[in-house]
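**Student:** Here is my input, please return the structure:
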Amino acid sequence: MGTEFIDLFNEWSDSYDRTVQGKDREYREVFHDYDRILNEVSRRVKGTVLEFGPGTGNLTLKLLESGCQVKAIEPSVKMIEKAKEKISDFEIYQGDFLHFPEVNSVNGIVSTYAFHHLTDQEKEKALRRYGNILPSGGKLVFADTAFVSDDHKTYMIQRAEENQYHNLARDLKTEYYTTLPVLEKLFRNCGFHIFFQQLNKYVWLMDATKK
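**Tutor:** Residues are numbered from 1 along each chain as shown. Down below sits the predicted model:
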């Protein structure tokens, strides 16, 4: 992951929580059932968990409340500041999906609304590294926007444009959103059993187990 999205994350930090709460009309469908999505991710892991892209710390709080020990990796300094306002005495390391401190004895890896910031090539590189970190039976649970096909992605972009959701349409065009067949191949090639569950019109749960 390059630095192309860091300015966006820093700029978004002040309004992110309002957005996920449905206050931004353009992104309301993207974050529909946001709390349920976080719960679906957090309930599937236990023990020591590596979290990528915690943002303002919403999933982190769920993980800590469930008894997990969390090591969080976030690229945005502004997001880290917001997360620390919610979670005292908790260390969030600056880094990203590909650049982070060495970790040991991790039972699970989680992320929400962030994996699309990697190109497909970078996704594969990251998944191979995670396969080396996790033990056999370890869990990788992501929730992110994905599409069943390229045609479906095109349709959703056109739908956003017709609704005059220009920011959403631009994001769907310029960020690295991919399709379920591509994701399935990447996970399987990197040594994971994977299944998908749709959580809203945009977001899919990716529940992967290390072989």
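
**Student:** rest of the way, CA atoms for contacts and neighbours
**Tutor:** Will do.

**Student:** how about the strands in this protein?
**Tutor:** With DSSP state E as the criterion, the chain has strands at 48-52, 69-74, 92-94, 108-112, 139-145, 192-198, 203-210.

**Student:** between these, which gets the lowest average pLDDT?
**Tutor:** If these are sorted by mean pLDDT, strand 92-94 sits at the bottom with a mean of 92.

**Student:** what's in contact with it?
**Tutor:** 71, 72, 73, 74, 75, 76, 77, 80, 100, 101 (Cα atoms under 8 Å, 6 or more residues apart in numbering).

**Student:** And the residues you listed, which of them are buried?
**Tutor:** Buried subset of those (neighbour count, 16 or more other Cα atoms under 10 Å): 71, 72, 73, 74, 75, 76, 77, 80.

**Student:** the residue most distant from the middle of this structure, which is it?
**Tutor:** Ranked by distance from the centre of the chain (Cα atoms, centre = their mean), the top residue is residue 162, with 26.9 Å.

**Student:** Distance check, that residue against residue 211.
**Tutor:** Counting by Cα to Cα, to the nearest Å, the separation of residue 162 from residue 211 is 44 Å.

**Student:** which outside residues touch stretch 98-105?
**Tutor:** Contacts for stretch 98-105 (Cα under 8 Å, 6+ apart): 1, 48, 73, 93, 94, 95, 122, 125, 126, 133, 134.

**Student:** Now flag whichever of these is closest to residue 154.
**Tutor:** residue 122 (22.5 Å; Cα to Cα).

**Student:** In terms of secondary structure, what does the lowest-mean-pLDDT helix or strand in the chain contact?
**Tutor:** When each helix and strand of the chain is scored by mean pLDDT, DSSP states H and E, helix 6-12 comes last, with a mean of 72. Judged by 3 or more Cα pairs under 8 Å, 6 or more residues apart in numbering; DSSP states H and E, the packing partners of helix 6-12 are helix 77-86.

**Student:** can you list contacts of the helix it packs on?
**Tutor:** Here helix 77-86 has contacts from 9-10, 13-14, 54-58, 74, 90, 92, 94, using Cα under 8 Å, 6+ apart.

**Student:** on that earlier part again, looking at the strands of the chain, which is nearest to residue 179?
**Tutor:** Comparing these by Cα to Cα, strand 139-145 comes nearest, at 9.1 Å.

**Student:** Send over the closest one as PDB, restricted to the C-alpha atoms.
**Tutor:** What follows is strand 139-145, C-alpha atoms only, in PDB (Å, rounded to 0.1, in the frame of the first residue of the first chain):
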ATOM      1  CA  LYS A 139      -8.500 -16.900  11.300                       C
ATOM      2  CA  LEU A 140      -8.400 -14.000   9.000                       C
ATOM      3  CA  VAL A 141     -11.700 -12.100   9.000                       C
ATOM      4  CA  PHE A 142     -12.200  -9.000   6.800                       C
ATOM      5  CA  ALA A 143     -15.300  -7.100   5.900                       C
ATOM      6  CA  ASP A 144     -15.100  -4.800   2.900                       C
ATOM      7  CA  THR A 145     -16.800  -3.600  -0.300                       C
END
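
**Student:** Good, we can wrap up now.
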